Every structure is written in C-alpha cells, then in structure tokens.
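Enquirer: no FASTA, just this:
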Ligand SMILES: NC(=O)c1ccc[n+]([C@@H]2O[C@H](COP(=O)([O-])OP(=O)(O)OC[C@H]3O[C@@H](n4cnc5c(N)ncnc54)[C@H](OP(=O)(O)O)[C@@H]3O)[C@@H](O)[C@H]2O)c1
C-alpha cells in the first residue's frame with residue numbers, strides 16, 4: 001500500500017502541467033505535427049506552429065484560436081539556423097517561456113542502399129537529424145533558465161530496427177536516437193527531460209511526399225495521425241522516456257531483440273521480387 005502511494009506521488013510529481021504551457025511543434029503543417037498541435041491545444045497549451053508552408057500554419061492557428069487557446073504561426077525551415085533561431089525568439093517574445101519542443105519535422109527517402117542518391121541521403125539527414133539538433137539547441141538556453149522543459153523527439157520504429165528499402169531514412173532516426181540518449185543525461189540536471197516517440201506507419205502526407213522507390217515505402221495498416229498525437233501528448237504530460245507505437249512495430253522490436261535473424265528472414269521474404277528497375281519518383 002505504502003509502495004503504491006509513493007509510486008503514485010512520484011508519478012504526480014513527474015507530471016508536466018500542459019495548461020498554458022508553451023509548446024513548439026515543428027512540422028505542424030500536416031500529418032502527425034498538425035494533429036499533435038490540435039491535441040496540445042485541447043489540453044490548454046499555447047502553440048508555436050513551425051513548418052515551411054505558411055498558409056497551412058495560418059489556417060491551423062485560426063482553428064486553434066477559434067477553439068479557445070492561443071497559437072502563433074511561425075514559418076520555419078529547420079535546416080536554416082537563422083529561421084530556427086527566429087522560431088525560438090517568436091515564442092519567447094510572445095509568452096516569455098518555452099516549456100515543450102516537439103521535434104517532428106521530417107520526410108522519408110526510400111530505396112536500396114546500393115542505389116541511394118548521396119545528395120538525398122545528405123538532405124534527409126539535414127532535415128530529420130541536424131534540423132532536430134538545431135531546434136533543441138535553440139530552446140535549451142530558455143529551458144535551462146526556467147529550470148524545466150521537455151523535448152519530444154519524433155523518431156520511428158525504424159529508429160531501432162531498419163528494414164529493406166529504408167536504410168537512408170532509418171539512419172536519420174538512429175542518429176536522432178543517439179543524440180536523444182546523450183541529451184537525456186546531459187540535460188537532466190537542469191530539469192529538462194527527453195521523450196522519444198516511435199510511430200509505426202501513420203496516416204500522413206509522409207508516404208506520398210517521401211522520395212524514392214514507391215514499392216519500398218512502408219506498408220501495413222496505418223495508424224491515424226490523431227491516435228499518434230494523443231500518444232505524444234500523454235507521453236509528454238507523463239514525461240515518459242519513450243513510447244513505441246503500433247502493434248506491428250512493437251512486435252518487430254520484440255522479435256528483433258531475441259531473434260534478429262528471424263526478422264531478417266521475414267523481411268527478406270516480404271521484399272523478395274523487388275525490381276531495381278523501378279524509377280525513383282518524388
Ligand atoms: N507517417 C509515418 O508513417 C511515420 C512513421 C514514423 C515516423 N514518422 C515521423 O513523423 C514525423 C512527421 O511526419 P508525418 O508522418 O506527419 O509526415 P508529413 O505529413 O509529411 O509531415 C511532415 C512535416 O514536416 C515538415 N517539414 C518537412 N521539411 C521541413 C523543413 N525543412 N523545415 C520545417 N518543416 C519541415 C512538413 O512541413 P512543410 O512541408 O510545410 O515544411 C510537414 O509539416 C517525421 O519526423 C516522420 O519521420 C512518420
């Protein structure tokens with residue numbers, strides 16, 4: 001009983017109050033980012049919406065404002081340091097704090113490793129990995145000063161186990177996982193936590209907008225972006241270390257831990273017959 005009470009108390013102490021928290025979501029113009037912004041708004045947070053498509057951000061900001069919370073649309077390219085710095089400045093000059101950063105902006109590149117375009121490999125690293133580091137660096141000084149903050153890294157199930165055709169994209173998420181592990185320990189003394197969320201296949205523009213072989217893009221029944229968004233908000237509030245999403249994703253990670261050779265074999269069978277001749281398409 002005593003144990004149960006103290007565990008509850010500890011969980012309550014750990015919880016992050018999302019009402020009026022200032023939350024920056026990168027990649028808020030579609031998919032998981034847009035759904036997450038709406039979900040944080042429902043929890044009473046004040047939103048900074050960051051992505052390149054200003055028109056999409058403006059209409060999302062209007063929708064959030066009409067629903068009774070505040071939102072600021074800040075057109076941002078996460079690969080441009082000046083643009084990222086302006087995003088953090090916009091949050092601070094409007095509200096004076098930054099409580100949560102959701103590092104979500106990203107896209108996919110799919111194709112067999114032997115025929116990957118090095119320029120595309122570089123570009124996807126710039127957005128998914130270096131962009132996320134740049135955003136983290138932009139918010140940490142304010143979070144350190146406040147003595148609190150939560151950085152939510154949108155990784156992927158493919159950030160722990162890659163599959164055929166996903167090497168270039170998965171590499172960006174493996175890299176994000178590595179910096180998240182380091183940053184978690186480095187930032188803990190300042191009251192800043194790191195949550196890693198690993199979605200499986202999700203309904204978003206992602207699959208359509210990804211670059212590369214269509215037949216090698218992730219398959220399987222997608223999870224609605226709204227369900228991923230709810231999981232992101234729950235994990236942020238509870239300041240969880242990590243969350244793996246989709247049953248298929250969890251099953252693959254479990255199996256990979258005990259029998260990686262079996263996962264290789266199953267994946268090999270699933271992608272047997274892939275034709276290398278299929279052209280790359282945007
Ligand atoms: N969908 C899936 O199956 C799936 C699975 C696992 C993980 N994920 C991850 O989830 C995250 C969100 O993707 P999604 O599925 O929601 O796809 P999405 O609908 O294509 O959203 C991607 C978002 O990233 C933004 N973005 C891309 N490049 C950017 C840049 N240079 N600067 C700022 N923003 C940029 C896009 O906005 P603009 O074009 O307006 O800039 C868009 O808002 C990504 O990190 C992705 O890797 C997705």
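Expert: Right, received. Where do you want to start? Computed from a prediction, not measured in an experiment: that's the story for all the values here.
Enquirer: Next up, the contacts around residue 174.
Expert: 159-160, 162 (Cβ atoms under 8 Å, 6 or more residues apart in numbering). All C-beta spots, glycine's among them, are computed from the backbone N, C-alpha and C.
Enquirer: should've said residue 176
Expert: Residue 176 touches 103, 128-129, 132, 153, 155, 159, 196, counting by Cβ under 8 Å, 6+ apart.
Enquirer: returning to what we had before: ok, so of the contacts of residue 174, who is nearest the ligand?
Expert: residue 159 (8.1 Å; Cβ to the nearest ligand atom).
Enquirer: neighbours around the closest one, how many?
Expert: Close neighbours of residue 159, defined as other Cβ atoms under 10 Å, add up to 26.
Enquirer: Close to the ligand: what parts of the chain are there?
Expert: 26-27, 29-33, 51-53, 76-79, 104-107, 127-128, 154, 156, 199, 201-202, 204-206, 209, 218 (Cβ under 6 Å from any ligand atom).
Enquirer: Out of those residues, which sit inside helices?
Expert: When DSSP state H defines the helices, the subset of the residues of the chain next to the ligand inside them is 31-33, 206, 209.
Enquirer: Can you tell me which of those are buried?
Expert: 31-33, 206 (16 or more other Cβ atoms under 10 Å).
Enquirer: And these, which is the shakiest by pLDDT?
Expert: Here the lowest pLDDT out of these sits on residue 206, with 84.
Enquirer: wait, it sits on residue 107?
Expert: Yes. Counting by Cβ atoms under 8 Å, residue 206 does reach residue 107; the two are 7.0 Å apart.
Enquirer: Report the mean per-residue pLDDT for the top helix by length along the chain.
Expert: Of all the elements of type helix in the chain, the one with the most residues (DSSP H) is helix 167-187. Average pLDDT, helix 167-187: 98.
Enquirer: So residue 163 sits against residue 268, correct?
Expert: No. Taking Cβ under 8 Å as the definition, residue 163 is not a contact partner of residue 268, at 10.1 Å.
Enquirer: Looking at the contacts of residue 174, which are in helices?
Expert: With helices defined by DSSP H, no entry of the contacts of residue 174 lies inside them.
Enquirer: ok, the residues you listed vs residue 222, which is closest?
Expert: Comparing the contacts of residue 174 against residue 222 with Cβ to Cβ places residue 159 closest, at 17.6 Å.
Enquirer: mind listing the helices for the chain?
Expert: Shown for the chain, the helices assigned by DSSP H span residues 2-14, 31-42, 54-66, 81-95, 118-125, 131-146, 167-187, 206-209, 225-237, 247-258, 260-270.
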